[in-house]
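> structure, please.
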Amino acid sequence: MVYGVMARFLARAASAWRLVVHSLSGRLLLLTLFYAMVTQVLIFVPSVARYHRSLLDNHIETAELAILPLTEVEKEKFSKGLRNTLVARAGALAVMVKRPERRELFLPDELPSHIDVTIDLAKDNFFTEAAHGLDCLINGGNRILHIAAPTRIITGAQAIDVIVNERGIHRQMVGYARRALWLAFGISFVTAFLVFASLYMFLVRPMSRITGAMIAFSENPEDPGRIIAASTRHDEIGQAERELAAMQRDLYGSLQQKGRLAALGVAVAKIQHDLRNILSSAQLASDRLSSIDDPVVQRLAPRIVAALDHAVALATNTLRYGRADEHPPQRKRIALAPLADDAGEAATGARDVLFLNLIDRDLKIDADPEQLHRIVLNLARNAAEALAGAERPGEIRVGATREGRHVFIDVSDNGPGVPAAIRPRLFQPFAGSVRAGGSGLGLAIARDLARAHGGDIALIDSGPEGTHFRVDIPDLA
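Numbering: from 1, shown residues only. Okay, here's the model as predicted:
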């Protein structure tokens, strides 16, 4: 029964200790106690030293007063018993007065056979006083002290030496040290409690509130009721609360927007999927229209076919951009020039555009072949569409260079250039299209694929003389 109670007590004590050690408030309490105790120790040592010095000074003064009558008149006029009584009442074993011409010894009994410790008060300083006080407190009790000091009340005397038993001094020192330690412990605990309570109220408690708000919000960030209510404090805690509340509100708004966009994207994907099927059927019908030998049909059929082609491309790119399962690049070393040839042929098609592949046939690149083909194809197709209807013959040039572990692919044309108003949002989906009726997805998809390789796409130059894009594809580290 007793062992069970002790085991439960020890288990609870260990749990409480772990709570104190591993919590911010517990560590703060321990540190406050430690620092308060260190402060009290720094105060305790000087106080003990000063108290020990005061006891020695009292013995000197008492001895001076006791022997003063004996020094003013002939001491033979006092009986030996009276002389011994005066010196004994001073708490001294012997008193000696040093004069320039002689020394006077006042001895109530026999002179002690040995002296354990000699203390010269004239030569004492802070450190020696501290050493003597601690020595008396630790080692004192049954020693014989020889105290030397300059005299202040005996006329014509230079110094006075008093020999005393240290037992009384040690007893007083122990009592004083005990009272001082209890006072130090009391002051330390009161100070620690006040400091801890202040820090807990003004620091730990608000930080715990902020931490709890962060944890609660992370559990369900779509619940606006979990956003922290910032206080009106003007210190760093108040600023942290306001910043956290602003961040949580922004995150909540972003999640709401992303949720609505996700739902909208699912609906658009379904619509686009069905629309692409419808447009594919319309393409089959338009192919049959082109075989009808009618001048009006022959004139309108190419426009219908081109419109359907653009509609199908828009639906396909929208579905492809909205896919969440785009696989990571399956990289391998491939020749870049043949891939550029295929992309250029697919991009130009029947258009009257000259495609120049200036890539060295020996140049190798570390990339996903299918994704890299889509990057070059989108850039070349945008260039071909920009050259449609141009007054001068269209030309697309593709070149590449290797610099260290980076391969830079340059795609340029001699088209009319990208308008300055569109350049800031050139790579944004549905916002960066230069051509009327375009989706603006080609460059967005190309940049996403390039960044998946650890690289990027940048617009190097654009003007009346043409446009120049550069693709950076680094080798796999």
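> how about the residue nearest in space to the middle of the chain, nearest residue that isn't a chain neighbour?
What sits nearest the mean C-alpha location of the chain, by C-alpha atoms, centre = their mean, is residue 240, with 14.0 Å. Leaving aside its sequence neighbours, residue 240 sits nearest to residue 210 (C-beta to C-beta, 6 or more residues apart in numbering; 6.2 Å). In short, each C-beta sits where N, CA and C put it, glycine included.
> burial check on the one you found, number of neighbours?
Residue 210 is flanked by 17 other residues according to other C-beta atoms under 10 Å.
> next, the buried residues of the helix or strand harbouring it.
Element membership for residue 210 (DSSP states H and E) is helix 205-219. Using 16 or more other C-beta atoms under 10 Å as the burial criterion, the residues of helix 205-219 that qualify are 206, 210, 213, 217.
> which ones are touching the second one?
With contacts taken as C-beta atoms under 8 Å, 6 or more residues apart in numbering, residue 210 has the following neighbours: 228, 237, 240-241, 244.
> return the item of the residues you listed having minimum pLDDT.
Here the lowest pLDDT out of the contacts of residue 210 sits on residue 237, with 81.
> now that one: how far from residue 205?
Using C-beta to C-beta, to the nearest Å, one obtains 10 Å as the distance from residue 237 to residue 205.
> quick one: the strands in the stretch 101-250 of the chain?
Using DSSP state E, counting those that start in this stretch, the strands of the stretch 101-250 of the chain run over 103-106, 117-120, 144-150, 159-165.
> can you list the strands that the first one pairs with?
The sheet places strand 103-106 alongside strand 94-98 (antiparallel), with pairing taken from DSSP bridges.
> buried ones in the strand it pairs with, by neighbour count?
Residues of strand 94-98 classed as buried by neighbour count (16+ other C-beta under 10 Å): 94-98.
> ditto for stretch 458-476
The neighbour-count check on stretch 458-476 (16+ other C-beta under 10 Å) flags 462, 466-475 as buried.
> biggest separation within these, which pair?
Greatest spatial distance in these: 466 and 475, 29.6 Å, computed using C-beta to C-beta.
> how about residue 174, what does it touch?
Going by C-beta under 8 Å, 6+ apart, residue 174 touches residue 137.
> that one and residue 231, how far apart?
53 Å.
> where does the stretch 351-477 of the chain have low pLDDT?
Low-confidence regions of the stretch 351-477 of the chain, defined by pLDDT under 70, span residues 389-390, 430-440.
> so where do the helices sit in it?
Along the stretch 351-477 of the chain, counting by DSSP state H, counting those that start in this stretch, helices occupy 369-387, 441-452.
> buried sites along the shortest one?
For helix 441-452, burial by neighbour count (16+ other C-beta under 10 Å) applies to 441-450.
> next one: the first one
Within helix 369-387, the residues that count as buried by 16+ other C-beta under 10 Å are 369, 371-387.
> and what of stretch 190-205?
So for stretch 190-205, counting by 16+ other C-beta under 10 Å, buried means 191-192, 195-196, 199-200, 203-204.
> ditto for stretch 398-408
Buried residues in stretch 398-408 (16+ other C-beta under 10 Å): 398-400, 407-408.
> can you lay out those residues as JSON lines showing distance to residue 183?
Formatted as JSON lines, the buried residues of stretch 398-408 follow (distance: C-beta to C-beta, whole Å):
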{"residue": "398", "distance to residue 183": "89"}
{"residue": "399", "distance to residue 183": "88"}
{"residue": "400", "distance to residue 183": "84"}
{"residue": "407", "distance to residue 183": "79"}
{"residue": "408", "distance to residue 183": "79"}
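> which of the residues you listed sit farthest apart?
398 and 407 (12.6 Å).
> so what sits against both of these two?
When C-beta under 8 Å, 6+ apart defines a contact, no residue borders residue 398 and residue 407 alike.
> thinking again about what came up before, can you say which of the helices of the stretch 351-477 of the chain is nearest to residue 255?
Comparing the helices of the stretch 351-477 of the chain by C-beta to C-beta, helix 441-452 comes nearest, at 21.9 Å.
> angle of the closest one against helix 369-387?
Interaxial angle, helix 441-452 versus helix 369-387 (axes from the mean of the first three to the mean of the last three C-alpha atoms, to 10 degrees): 150 degrees.
> mind giving me the packing neighbours of helix 441-452?
Counting contacts by 3 or more C-beta pairs under 8 Å, 6 or more residues apart in numbering; DSSP states H and E, helix 441-452 packs against helix 295-321, helix 369-387, strand 456-463, strand 466-474.
> neighbours of the closest residue to residue 471 other than its chain neighbours, how many?
The spatially closest residue to residue 471, leaving aside those adjacent along the chain, is residue 409, at 4.1 Å (C-beta to C-beta, 6+ apart). Applying other C-beta under 10 Å, we find 26 residues neighbouring residue 409.
> then residue 359?
Residue 359 has 22 neighbouring residues, counting by other C-beta under 10 Å.
> swap in residue 51?
Other residues close to residue 51 by other C-beta under 10 Å number 18.
> that one: what's it in contact with?
Counting by C-beta under 8 Å, 6+ apart, residue 51 has contacts 133, 173, 176.
> tell me the one of those residues nearest residue 392?
Closest approach between those and residue 392, by C-beta to C-beta: residue 133, at 104.6 Å.
> just the element for the spatially closest residue to residue 188 that is not a sequence neighbour, please.
Nearest residue to residue 188, sequence neighbours excluded (C-beta to C-beta, 6+ apart): residue 36, at 3.8 Å. Using DSSP H and E, residue 36 sits in helix 24-72.
> kindly reformat the buried residues of helix 441-452 as JSON lines containing distance to residue 415.
JSON lines is the format used below for the buried residues of helix 441-452 (distance: C-beta to C-beta, whole Å):
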{"residue": "441", "distance to residue 415": "19"}
{"residue": "442", "distance to residue 415": "15"}
{"residue": "443", "distance to residue 415": "15"}
{"residue": "444", "distance to residue 415": "20"}
{"residue": "445", "distance to residue 415": "20"}
{"residue": "446", "distance to residue 415": "17"}
{"residue": "447", "distance to residue 415": "20"}
{"residue": "448", "distance to residue 415": "24"}
{"residue": "449", "distance to residue 415": "23"}
{"residue": "450", "distance to residue 415": "22"}
